[in-house]
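Undergrad: model this:
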Amino acid sequence: MKPAHSLLLISVFRAICAIPAPGQALPAERDASDVRFVSSFVAAGEPVPSECREEAHTFALSLVRYPRPESWHWVLVCDEAGWRRFLRLSGRSEGAAIYASTDLGGRTTYIRGAKLLYPYDLHADPDEIVAHELAHIRLQSESESRVSDLVREWQGRAKLALR
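TA: Next up is the predicted model:
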C-alpha cells in the first residue's frame with residue numbers, strides 16, 4: 001500500500017469515529033478522534049501490513065455499533081510482539097490475558113489487534129473487546145462490574161433492534 005493509501009485509511013477511520021450511533025446526535029464540531037497503527041515489523045512511514053488493515057476493519061465494524069467518545073486516540077497494536085512490548089512498558093506481565101487497555105486520563109485506548117482476528121478463546125470476542133473499552137470510556141470508570149453491566153445493556157438493545 002502506498003503512503004497516500006495509508007493516509008486515506010486513517011482519514012476513513014476518523015470519519016467512522018465521527019459517525020453517531022443510533023440515537024446519538026451529530027456532534028456540533030468535527031470529531032478529533034484518530035486511529036494509529038503500531039507494528040513491530042514495519043518501519044515508520046512504510047505501508048500498513050494487510051493483517052493490520054484487516055484488524056482495523058474488524059475494529060471499525062465494532063466501533064460504529066456503540067456510543068463513541070469525541071476526541072479519543074485509538075492505538076491498534078497489530079502484532080503480538082508489539083502487544084508484549086506494550087504490556088512490558090506499561091508494567092504488566094507479557095503473558096497477561098489483556099486484550100485492550102484504556103488510559104482515561106490520556107484519552108487513549110490500546111487494542112490488541114491480533115485478538116480481533118484470532119480470538120483463540122471465548123473471552124476475546126472482537127465486538128466485546130471494543131464495547132468493553134467504550135464502556136470504560138463512557139463511564140469514566142475502571143470498575144469491571146459496572147463496565148460489564150453497560151456492555152450487556154448495549155448488546156441487549158442491539159439484539160432488540162434486530163427483531
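Undergrad: now residue 56: how far from residue 159?
TA: Distance from residue 56 to residue 159, counting by Cβ to Cβ, to the nearest Å: 26 Å. For every residue, glycine as well, the C-beta is placed using N, CA and C.
Undergrad: the two - which one has more neighbours?
TA: residue 56 (25 against 9; other Cβ atoms under 10 Å).
Undergrad: how about that one, nearest residue that isn't a chain neighbour?
TA: Distances taken as Cβ to Cβ, 6 or more residues apart in numbering place residue 76 nearest to residue 56, at 5.8 Å, with adjacent residues excluded.
Undergrad: mind listing what that neighbour touches?
TA: 35, 36, 37, 38, 52, 55, 56, 59, 111, 113 (Cβ atoms under 8 Å, 6 or more residues apart in numbering).
Undergrad: try it again with 10 Å
TA: Applying Cβ atoms under 10 Å, 6 or more residues apart in numbering, one finds that residue 76 lies in contact with 13, 35-39, 48, 52-53, 55-56, 58-60, 82, 100, 109-113, 116.
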